[in-house]
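Undergrad: take a look and give me a structure for this.
(one chain, ligands or ions: 1)
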Amino acid sequence: MPDPQKMSIDEIIAACHAADGEGAPATEPEVEAEAAPAQKPAPAKSDPPQKLDPAKMSVEEMLAAARGGGGEAESSAAAEEEVAAEEEESAEATPSAPAAKLDRGKMSVEEMLAAARGQGQAPLAKEAGKRAKKPAAKKAAKPAAKGKSEPSGPLDTASVLAAARKGAKRGPISKTEAAEQEKASGKKTKPSAPPMPEKPAYARAAPPAESDSEDRRGFIASIMGAFLGSSLAIGFSSLTVTNILWTLGLARFMFPNILTEPPTVFKVGFPDEYAPGQVQSKYKAQFGVWIVRDEYEGEAQIFALKSVCTHLGCTPNWLESEQKFKCPCHGSGFYKDGVNFEGPAPRPLERYVIRFAADGQLEVDKSRKFNEELGQWKDEACFVPVS
Ligand code: FES
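TA: Okay, here's the model as predicted:
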């Protein structure tokens, strides 16, 4: 048996005839090739194209039929379309072996050559799949192209996926798959997520040293304590000072202002301390009184004159050199006994009560006044007679 890869086209066709069981000798094609043109009737233009038996075709007829020449040239395209439709239908019915049943009279040159070289049905199936453009045939031919073992069963999507999932399941499974597994095994399986990958070392923070962390904690605590302590101390000190001030203000409010006036009754010493004609001014500043020892209407007396001008209330001065009281405001003048003699003052100065105290001293009482123009100076309450 010669190598099919090294056979010529004639030898291949002869081998095809021999494989079909016709038992024709190798030299028969040459005889038929000579007789065939004479025996072949010329087809009429109106007659439908005749289908020749490939077993009885000569080499030239077969080549002509294969190349689409001769009287079958017009019908070859339609025949190919019909073949494609039939192959598609047959591929849907039996997708694993559609090309084995192809009519050799309708085979192309490549199909015939492939069949003659004994390359099996895979190329035919591949060619038929290409013509039919069937997805199932493509999927069935894909594992064969990748070098995997060709599945013996139907190559539909469900079977391919089931075959792929026969091994260990990778990753999480769906609820449907879990239910199927649960039903098959009889145990309840809970779908679980894959474990999280471990955190890489460079992403993990290095734990601080024991001594460093303690020092840092102590330092932060001291800073916070000083800050908070000083702030709290300042706040509480301010609050305390404010409370003290408020308390003092409230206490001062509870004690109203009081005018500290000198007492209206006071002692001015013994009578013998005053010389005749003397004006004592030392009580003027504190009590507003002059103590005078002088004569009034021929009687020696000690009396107390009020140091207020009867004009508009100014305080006159005793002028020792002039022996008179002189008002600095408008120039009113008063004698030593208090009678006005110059200036705008309308009346004499006023007197207070003077008497002897229990201890023998002279005592002045300012609660009562005596006016000369009213004749009150004759009252014994406003003078102390002296010898
Ligand atoms: Fe003394 Fe006017 S007040 S003279």
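Undergrad: ok, G288 - how many residues close by?
TA: 16 (other Cβ atoms under 10 Å). Placement of C-beta: from N, CA and C, glycine included.
Undergrad: give me every residue that touches the residue nearest to it when sequence neighbours are not counted.
TA: Counting by Cβ to Cβ, 6 or more residues apart in numbering, S307 is the residue found nearest to G288 once chain neighbours are left out, at 4.9 Å. Residues near S307 by Cβ atoms under 8 Å, 6 or more residues apart in numbering: K284, G288, V289, W290, T315, P316, L349.
Undergrad: got the end-to-end distance for stretch 303-321?
TA: Stretch 303-321 has its terminal residues 21 Å apart, counting by Cα to Cα, to the nearest Å.
Undergrad: tell me the residues of this structure that contact the ligand?
TA: C309, H311, L312, C314, C327, C329, H330, G331, S332, G343, P344, A345 (Cβ under 6 Å from any ligand atom).
Undergrad: 5 Å - rerun?
TA: C309, H311, L312, C314, C327, C329, H330, S332, G343 (Cβ under 5 Å from any ligand atom).
Undergrad: hmm, the second one is touching H330, no?
TA: Yes: counting by Cβ atoms under 8 Å, a contact exists between H311 and H330, whose distance comes to 5.7 Å.
Undergrad: give me phi/psi at D365?
TA: Note on D365: its backbone torsions stand at phi -120, psi 120 [degrees, to the nearest 10].
Undergrad: could you report the neighbour count for it?
TA: The number of residues packed near D365 is 15, by other Cβ under 10 Å.
Undergrad: that one: what's it in contact with?
TA: Applying Cβ under 8 Å, 6+ apart, the residues near D365 are T264, V265, Y352, V353, I354, R355.
Undergrad: ok, now which ones touch the first one?
TA: With contacts taken as Cβ under 8 Å, 6+ apart, T264 has the following neighbours: D365, K366, S367.
Undergrad: what do you get for the third one?
TA: Taking Cβ under 8 Å, 6+ apart as the definition of contact, the neighbours of Y352 are V289, A304, K306, V364, D365, K366, R368, K369, F370, C382.
Undergrad: can you select the buried ones among these for me in ChimeraX?
TA: Typed into ChimeraX, the line below selects the buried ones among the contacts of Y352, using 16 or more other Cβ atoms under 10 Å:
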select :289,304,306,364,366,370,382
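Undergrad: among the contacts of Y352, which one sits closest to G235?
TA: For the contacts of Y352, the residue nearest G235 by Cβ to Cβ is K366; the value is 57.0 Å.
Undergrad: that older thread, H311 and H330: which is more packed in?
TA: When H311 and H330 are compared for neighbours, H311 comes out ahead with 18 against 12, by other Cβ under 10 Å.
Undergrad: before we move on, what SS does the more buried one have?
TA: Following DSSP: H, G, I helix; E, B strand; the rest coil, the label given to H311 is coil.
Undergrad: OK, contacts around it?
TA: Counting by Cβ under 8 Å, 6+ apart, the residues that H311 touches are C327, C329, H330, S332, G343, P344, A345, P346.
Undergrad: which pLDDT value belongs to the residue lying closest to the last one once chain neighbours are set aside?
TA: What that stands for is P346. The shortest distance from P346 to any non-neighbouring residue, by Cβ to Cβ, 6+ apart, is to T310 (6.2 Å). Per-residue pLDDT puts T310 at 95.
Undergrad: before we move on, what about D53?
TA: For D53, the predicted pLDDT is 61.
Undergrad: which one of the contacts of Y352 is nearest to A163?
TA: Out of the contacts of Y352, the member with the shortest distance to A163 (by Cβ to Cβ) is K366, at 136.8 Å.
Undergrad: pairing partners for the helix or strand that the closest one is a member of, with directions?
TA: Using DSSP states H and E, K366 maps to strand 362-370. Paired neighbours of strand 362-370 in the sheet (DSSP bridges): strand 265-269 (antiparallel), strand 351-356 (antiparallel).
Undergrad: give the contact list for V292.
TA: Q278, V279, Q280, I302, F303, A304, L305, K336, D337, G338.
Undergrad: try T310
TA: S332, N340, A345, P346, R347, P348, L349, E350.
Undergrad: repeat the analysis, applying 10 Å as the threshold.
TA: Going by Cβ atoms under 10 Å, 6 or more residues apart in numbering, T310 touches 316, 327, 332, 334, 338, 340, 343-350, 371, 373.
Undergrad: same deal with P276?
TA: R293, D294, E295, A300, V386.
Undergrad: quick one: the nearest residue to the fourth one once chain neighbours are set aside and the ligand, what's the gap?
TA: When you say that, I think you mean A300. Spatial nearest neighbour of A300, excluding adjacent residues (Cβ to Cβ, 6+ apart): V386 at 5.0 Å. V386 sits 30 Å away from the ligand, going by Cβ to the nearest ligand atom, to the nearest Å.
Undergrad: ok, P385 next?
TA: In this view, P385 and the ligand are 30 Å apart by Cβ to the nearest ligand atom.
Undergrad: tell me what that residue is bridged to.
TA: Beta-bridge partners for P385, by DSSP bridges, are Q301.
Undergrad: what about I234, which SS state?
TA: The three-state label for I234, taken from three-state DSSP, comes out as helix.
Undergrad: tell me how many other residues surround it.
TA: 10.
Undergrad: who's in contact with it?
TA: With Cβ under 10 Å, 6+ apart, I234 has no contacts at all.
Undergrad: filter the residues of the chain next to the ligand down to the buried ones.
TA: By 16+ other Cβ under 10 Å, the residues of the chain next to the ligand give C309, H311, C314, C327, S332, G343 as buried.
Undergrad: what's the closest of the residues you listed to S174?
TA: The nearest one, if we look at those relative to S174 and count by Cβ to Cβ, is C314, at 120.1 Å.
Undergrad: name the nearest residue to the closest one, ignoring sequence neighbours.
TA: Counting by Cβ to Cβ, 6+ apart, the residue nearest C314 is C329, at 3.8 Å.
Undergrad: no more questions from me, cheers.
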